[in-house]
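S.K.: predicted model follows, preceded by the sequence.
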Amino acid sequence: MILRPYFTAFGLQWKIGLRYRIAVVAGLVAQMWFGAVTLMAYASVYHAAPDVQAPLSLRQAMTYTWIQQSLFTLLPLGCLPAIGDAARTGAIVYDLLRPVDMWNWWLSASLARLLGNAVPRAVLLACVAGPLAMLMGLGAWSLAPPAGLAAAILALMSITLGAFLSATIVMWWNILTARTLSPLGSYAVGTPLAVLLSGMLLPLPLYPDWIRPFLLAQPFAGITDIPIRIYLGTPIPGGVVTGLGLQIFWLSALTLLGRLWMRQTVNRLEVQGA
């Protein structure tokens with residue numbers, strides 16, 4: 001079966017991600033803490049200026065924050081750790097010798113790592129910030145339901161596209177790591193870009209009007225910002241079709257250009273063992 005090796009790579013990396021249950025719980029606590037601090041900041045700002053017409057209501061901003069926190073580990077913060085270690089030790093040569101498509105092999109592992117870290121946290125945080133918060137009388141601070149059934153279905157489709165887009169960006173960091181033989185550059189570049197341009201630091205709809213079109217058009221918006229906008233039912237310039245189209249465009253463009261860059265990198269790769 002042609003796809004069997006890639007499902008195997010996905011399954012192995014998925015199991016590795018689920019192995020560290022304490023890390024999942026610790027990450028959940030950290031995301032809840034940062035989320036709560038952010039919510040308090042938004043509440044202070046919105047209550048201090050009740051007459052200002054913001055692109056997001058306070059409840060929408062809070063829900064945006066909860067979803068962003070739940071999907072934090074879906075962001076492409078750097079390369080796949082296994083590839084960073086392989087580049088440093090020279091073990092990357094084993095991947096070069098495998099009778100598989102190297103792009104699909106690394107992509108499967110990268111996608112599995114992202115989902116293996118994100119899915120458990122997202123499910124747990126949704127339960128805590130949603131039903132549990134409502135039962136505790138914190139309904140105004142809780143995770144709001146989707147704008148409707150259609151919004152929920154489209155948001156799920158968008159999140160799926162966002163996961164593949166994030167894994168594709170991780171592939172760029174993987175290639176950078178293979179080229180420089182060090183994972184440090186990928187994290188130095190990937191972390192600030194992902195945090196700033198995905199809406200994790202501040203929801204993209206809350207930026208000034210003149211920069212919003214650029215922020216929506218860049219690839220990192222397709223990872224979490226566009227799915228969250230669809231979930232909330234907030235307007236996207238050009239509609240939901242435009243949002244999904246941007247995700248598909250960047251997924252296709254980054255895959256095509258990334259494959260070309262990988263081919264060039266592999267042809268010039270010099271392996272050094274440590």
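M.R.: Thanks, I have the structure now.

S.K.: go through this structure and flag its longest helix.
M.R.: helix 149-180 (DSSP state H).

S.K.: buried residues in that one?
M.R.: By neighbour count with 16 or more other CB atoms under 10 Å, helix 149-180 contains the buried residues 151, 154-155, 158-159, 161-179. (Glycine included, C-beta is placed from N, CA and C.)

S.K.: do the same with stretch 22-30
M.R.: 24, 27-28.

S.K.: what of stretch 39-52?
M.R.: 39, 42, 46.

S.K.: likewise stretch 107-125?
M.R.: Those would be 107-122, 124-125, for stretch 107-125 by 16+ other CB under 10 Å.

S.K.: ok so, going back, let's have the buried residues of stretch 39-52 in a markdown table, adding pLDDT, distance to Q53 and secondary structure.
M.R.: Shown next, in a markdown table, are the buried residues of stretch 39-52 (pLDDT from 0 to 100; distance: CB to CB, whole Å; DSSP: H, G, I helix; E, B strand; the rest coil):
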| residue | pLDDT | distance to Q53 | secondary structure |
| --- | --- | --- | --- |
| L39 | 92 | 21 | helix |
| Y42 | 92 | 16 | helix |
| Y46 | 90 | 11 | helix |
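
S.K.: now, which of these sits nearest M136?
M.R.: Nearest to M136, judged by CB to CB, of the buried residues of stretch 39-52 is L39 at 14.2 Å.

S.K.: how much space is there between the closest one and D51?
M.R.: 21 Å (CB to CB, to the nearest Å).

S.K.: what does P81 give?
M.R.: Where D51 is concerned, P81 sits at a distance of 49 Å (CB to CB).

S.K.: quick check: phi and psi at Q218.
M.R.: phi -80, psi 160 (degrees, to the nearest 10).

S.K.: cool, and Y20?
M.R.: According to degrees, to the nearest 10, Y20 has phi -100, psi 80.

S.K.: count the residues that sit near it.
M.R.: 13 (other CB atoms under 10 Å).

S.K.: what does W14 give?
M.R.: Neighbours around W14, by other CB under 10 Å: 19.

S.K.: likewise for P5?
M.R.: Count around P5 with other CB under 10 Å applied: 16.

S.K.: check T234 too.
M.R.: Other residues close to T234 by other CB under 10 Å number 17.

S.K.: is it true that it touches P203?
M.R.: No. The pair T234 / P203 is not scored as a contact, 9.6 Å apart, by CB atoms under 8 Å.

S.K.: overlap in contacts of those two?
M.R.: L56 (CB atoms under 8 Å, 6 or more residues apart in numbering).

S.K.: returning to what we had before: turn the buried residues of stretch 22-30 into TSV, including distance to T65.
M.R.: TSV is the format used below for the buried residues of stretch 22-30 (distance: CB to CB, whole Å):
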residue	distance to T65
V24	20
G27	16
L28	15
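
S.K.: return the alpha-carbon coordinates of the very next helix or strand once past the longest helix of the chain using CSV.
M.R.: For helix 149-180, the following helix or strand on the C-terminal side (DSSP states H and E) is helix 184-197. Extracted C-alpha coordinates of helix 184-197, given in CSV (Å, rounded to 0.1, in the frame of the first residue of the first chain):
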residue,chain,number,x,y,z
LEU,A,184,17.9,26.9,16.7
GLY,A,185,17.2,29.0,13.7
SER,A,186,13.8,27.5,13.1
TYR,A,187,12.6,28.3,16.6
ALA,A,188,14.2,31.8,16.5
VAL,A,189,12.2,32.6,13.3
GLY,A,190,9.1,30.4,13.8
THR,A,191,8.1,31.2,17.3
PRO,A,192,7.7,35.0,17.1
LEU,A,193,6.1,34.8,13.6
ALA,A,194,3.6,32.2,14.7
VAL,A,195,2.6,33.9,18.0
LEU,A,196,2.3,37.4,16.5
LEU,A,197,0.7,36.6,13.1
